[in-house]
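**Student:** Got a sequence here, can you build the structure:
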Amino acid sequence: MRKYYLFILFIFIIFNCKTFNINQIHQWIYQCPDQDPEVAYLFDRVTPIKIAKDEKQLPSGPLKTIGVSNYFDEFYQYLLSDLGKNQIPYTEKNDVIETQDFLIRKIKNQNNETIAIQVVAKSESIFNKNNVQLSDVHKKAIASLSRALKQFNDAGLEIYKYFDNPSNKSEDLQKAFAMQLLLNKQYNIPSERILNVDTKDYNQNKENSQIALLQYPQKLEILILPEEKTKPQLEEPLSIGTLAKLGDEEYLQKMYNDLKEQIKQDGIEFKEDKDSLTTKDIVIKKIKSQNNRLIAILIYIRTEPIFSGFFSSKEELNDYGEKLLNIAGKTIKVFQESNLYFYGRTFDFEQKEKLKTKTNNTKIYLQKNQNISEDRFLIVKTIVSNMKDNPFGPKTEILHFYLFTLPASYLVDYLPEEIREIKKGLAHKMGTDTYLDLMFSQLVEDLKERGINITRKDSLIEQLVDRYEATGFYMGKIQQKKKTKIIKISFDGDFSFDLGSAKLTEKAKKVIEAMAKALKEYPDAKARIHGHTDSTGSKDFNYKLSQDRAEAVKNELVNVHHIDPKRFIEVKGFADDRKIEDTMGPSAKNRRVEILIEVPDQEVAE
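**Tutor:** Numbering: from 1, shown residues only. Alright, predicted model coming up:
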């Protein structure tokens, strides 16, 4: 009988201690068609905790003491009171505070429990171009919000700038970062409290609401939600621009922390010192420059335990191997603005071919299961080396990853001698003609991999040797006495720019991507970029347009592919002064950009 009563008591406790988890939350949303679509996103960040039934009897306290709903109800009441104290005119109805310039509302789930606070404002009332310029009302509102965040330490925030035109996405991301900087520097909101900064496509995130401001396509949104003290691993790639925002060192440090967190979550025992993390089969290490600057992350993985197995051949990954590879793969996927060198390394020449198969199988696995694109692998190679740097010992076969964001030339001096693929000054040792010939061959292969259907033409037009062409594009070598002096790349208006525009087409970006990869791997080479127009329009307009086109190519190389600006000898627009077709009318061939890649004499002398 006692067992029976204990069982009844147990059931009573379960049904009266109202606990929710992520799966239940998603069921609430999907079963309730009228639920605010914003709620579905927010639930992913709610930590499973108990929600007490009697809200009125609860004292003020930390989030995990009083529950998410009570916590954000009190947060809302604090804001309401603070706005009144600051004499900001508002109306409040149905858990929505509205002013002329912004609104604050509770985000609730199906059970009418508050799970977050949303703040929305019109962007033009906050931003002057890409800078924050607050009105007096907005200054008071942001001050109230910052005071509330200081009072409620378990709350974090996310900042989103909406766009209705994809061409404005980059500009709007800068605005979101500007708001983050304002909160961080002027209102002393710590960086760790700001959980995410990004853009949202208004057309994909429309809300079914009668509130006019929520329908505004250019709104700024701040979400106040539970700050997760132990944040889950990121699964989706960080947005492009995160690297520029954080800087190379902080970006790489976050990569290192992400790798460490995955090892912890997988339950793998490890030892850690200042700059490395060691387990039985995987070692993660920071590479630092002579002035202690973090420039790369190394990952060493022993091949023996990850390829051997009863159900797999010795060249196929086993389950344990997939587990270790996913640690590296997830980080490479999330931190999409990093590049990598990937090597299979052995001390035994007889094992090289088998290791080559393992290396290729590993690459295929990462591409298939973690969606790592081909262009991220700047080098994939199997080598035989003395393995002096191998943390597992010189006779242990390994897979070896280098993850980095800086131009590859920064990394060269920190690679083991056996795997140095590039080195500044190498053009002087091998001769500039050979150096440029190798670079040209790589460009040809990389363009083909990117879907540019180039074919070789036996032509000496413009004195070019090894001329390759595609529709609207050609490249070749300029030689003197049969020695390559310059690589010339040219794409015309139909390929690269629309009439009267300096905005690059996607095809042009593919060519620039291949060129960036070559420049990274051949650090002695430098480039001239020349913009040209046809004869339509005024001379002044064409000079500006041609300069803008040359700058557009340079900016793509610098801002997107992180090529050092010092690598550009000249970036200049010539209007229609250097026409290919002798016509005063529209001409795609005259409306072009030319890139001339060379190794200057002073580079050779160095």
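**Student:** got the CA coordinates for stretch 299-309 in PDB?
**Tutor:** Only the C-alpha atoms of stretch 299-309 are listed here, as PDB (Å, rounded to 0.1, in the frame of the first residue of the first chain):
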ATOM      1  CA  ILE A 299      44.600  20.300 -35.500                       C
ATOM      2  CA  TYR A 300      46.500  17.000 -35.500                       C
ATOM      3  CA  ILE A 301      44.500  13.700 -35.600                       C
ATOM      4  CA  ARG A 302      46.100  10.200 -35.400                       C
ATOM      5  CA  THR A 303      45.000   8.100 -38.400                       C
ATOM      6  CA  GLU A 304      45.400   4.600 -36.800                       C
ATOM      7  CA  PRO A 305      42.300   4.700 -34.500                       C
ATOM      8  CA  ILE A 306      40.000   6.500 -36.900                       C
ATOM      9  CA  PHE A 307      40.400   4.300 -40.000                       C
ATOM     10  CA  SER A 308      40.900   0.900 -38.500                       C
ATOM     11  CA  GLY A 309      37.800  -1.200 -37.600                       C
END
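**Student:** who's in contact with it?
**Tutor:** Residues outside stretch 299-309 that contact it (C-beta atoms under 8 Å, 6 or more residues apart in numbering) are 259, 281-285, 314-321, 324-325, 328, 344, 355, 358, 390-392, 396-401, 403. For the C-beta atoms, the positions are set from N, CA and C on the backbone; glycine is no exception.
**Student:** and it, which residues are buried?
**Tutor:** Judged by neighbour count using 16 or more other C-beta atoms under 10 Å, the buried positions of stretch 299-309 are Ile299, Tyr300, Ile301, Arg302, Thr303, Ile306, Phe307.
**Student:** Let's see which of those end up in strands.
**Tutor:** Ile299, Tyr300, Ile301, Arg302 (DSSP state E).
**Student:** Which members of these define the maximum pairwise distance?
**Tutor:** By the measure C-beta to C-beta, Ile299 and Arg302 form the most distant pair in these, at 11.5 Å.
**Student:** ok, back up a step: turn the buried residues of stretch 299-309 into TSV, columns for distance to Lys139 and pLDDT.
**Tutor:** Formatted as TSV, these follow (distance: C-beta to C-beta, whole Å; pLDDT from 0 to 100):
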residue	distance to Lys139	pLDDT
Ile299	47	94
Tyr300	52	95
Ile301	53	93
Arg302	58	92
Thr303	60	91
Ile306	57	88
Phe307	61	85
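**Student:** would JSON lines of the residues you listed with distance to Asn291 be doable?
**Tutor:** Below are these laid out as JSON lines (distance: C-beta to C-beta, whole Å):
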{"residue": "Ile299", "distance to Asn291": "24"}
{"residue": "Tyr300", "distance to Asn291": "25"}
{"residue": "Ile301", "distance to Asn291": "30"}
{"residue": "Arg302", "distance to Asn291": "32"}
{"residue": "Thr303", "distance to Asn291": "35"}
{"residue": "Ile306", "distance to Asn291": "36"}
{"residue": "Phe307", "distance to Asn291": "39"}
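**Student:** my guess is Ile478 contacts Lys485, does it?
**Tutor:** Yes: with contact defined as C-beta atoms under 8 Å, Ile478 counts as touching Lys485 (5.6 Å).
**Student:** ChimeraX command to pick out the buried ones of the contacts of stretch 299-309?
**Tutor:** Command for ChimeraX that selects the buried part of those, burial taken from 16+ other C-beta under 10 Å:
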select :259,281,282,283,284,285,315,316,317,318,321,324,325,328,344,355,358,390,392,396,397,398,399,400,401,403
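**Student:** mind listing which of the contacts of stretch 299-309 are in strands?
**Tutor:** Ile282, Val283, Ile284, Lys285, Gly344, Ile398, Leu399, His400, Phe401, Leu403.
**Student:** Let's have those residues in TSV, adding pLDDT and distance to Leu464.
**Tutor:** Shown next, in TSV, are the ones in strands among the contacts of stretch 299-309 (pLDDT from 0 to 100; distance: C-beta to C-beta, whole Å):
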residue	pLDDT	distance to Leu464
Ile282	94	49
Val283	94	49
Ile284	94	47
Lys285	93	46
Gly344	91	38
Ile398	92	44
Leu399	93	41
His400	91	39
Phe401	92	39
Leu403	90	38
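**Student:** okay, the residues you listed in a markdown table with distance to Gln100 next?
**Tutor:** Below are these laid out as a markdown table (distance: C-beta to C-beta, whole Å):
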| residue | distance to Gln100 |
| --- | --- |
| Ile282 | 57 |
| Val283 | 59 |
| Ile284 | 53 |
| Lys285 | 56 |
| Gly344 | 64 |
| Ile398 | 64 |
| Leu399 | 60 |
| His400 | 60 |
| Phe401 | 54 |
| Leu403 | 49 |
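**Student:** Nearest to Phe152 among the residues you listed?
**Tutor:** For these, the nearest to Phe152 is Ile284 (36.1 Å; C-beta to C-beta).
**Student:** Bridged to that closest one, which residues?
**Tutor:** Leu277, Ile299 (DSSP bridges).
**Student:** For it, give its distance to Asn318.
**Tutor:** 21 Å (C-beta to C-beta, to the nearest Å).
**Student:** Quick check: pLDDT value at Asp233.
**Tutor:** If you look again at residue 233, you'll see it is Gln, not Asp. With respect to pLDDT, Gln233 scores 46.
**Student:** ok, now Asn184?
**Tutor:** pLDDT at Asn184 comes out at 79.
**Student:** Now it: which helix or strand?
**Tutor:** helix 169-185 (DSSP states H and E).
**Student:** Alpha carbons of stretch 167-177, in PDB - could you do that?
**Tutor:** Output of stretch 167-177 as PDB, limited to C-alpha atoms (Å, rounded to 0.1, in the frame of the first residue of the first chain):
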ATOM      1  CA  SER A 167      21.400  44.900 -52.100                       C
ATOM      2  CA  ASN A 168      21.100  46.800 -48.800                       C
ATOM      3  CA  LYS A 169      22.000  43.800 -46.600                       C
ATOM      4  CA  SER A 170      25.700  44.700 -46.200                       C
ATOM      5  CA  GLU A 171      24.900  48.300 -45.300                       C
ATOM      6  CA  ASP A 172      22.200  47.200 -42.800                       C
ATOM      7  CA  LEU A 173      24.600  44.700 -41.200                       C
ATOM      8  CA  GLN A 174      26.900  47.700 -40.600                       C
ATOM      9  CA  LYS A 175      24.000  49.500 -38.900                       C
ATOM     10  CA  ALA A 176      23.400  46.600 -36.600                       C
ATOM     11  CA  PHE A 177      27.100  46.500 -35.600                       C
END
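**Student:** Identify each buried residue in it, please.
**Tutor:** Buried residues in stretch 167-177, counted by 16+ other C-beta under 10 Å: Lys169, Asp172, Leu173, Gln174, Lys175, Ala176, Phe177.
**Student:** Among these, give me the pair with the biggest separation.
**Tutor:** Top of the distance list for those (C-beta to C-beta): Lys169 and Phe177, 12.8 Å.
**Student:** want to try JSON lines for the ones in strands among the buried residues of stretch 299-309, with distance to Tyr414 as columns?
**Tutor:** Formatted as JSON lines, those follow (distance: C-beta to C-beta, whole Å):
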{"residue": "Ile299", "distance to Tyr414": "15"}
{"residue": "Tyr300", "distance to Tyr414": "15"}
{"residue": "Ile301", "distance to Tyr414": "19"}
{"residue": "Arg302", "distance to Tyr414": "22"}
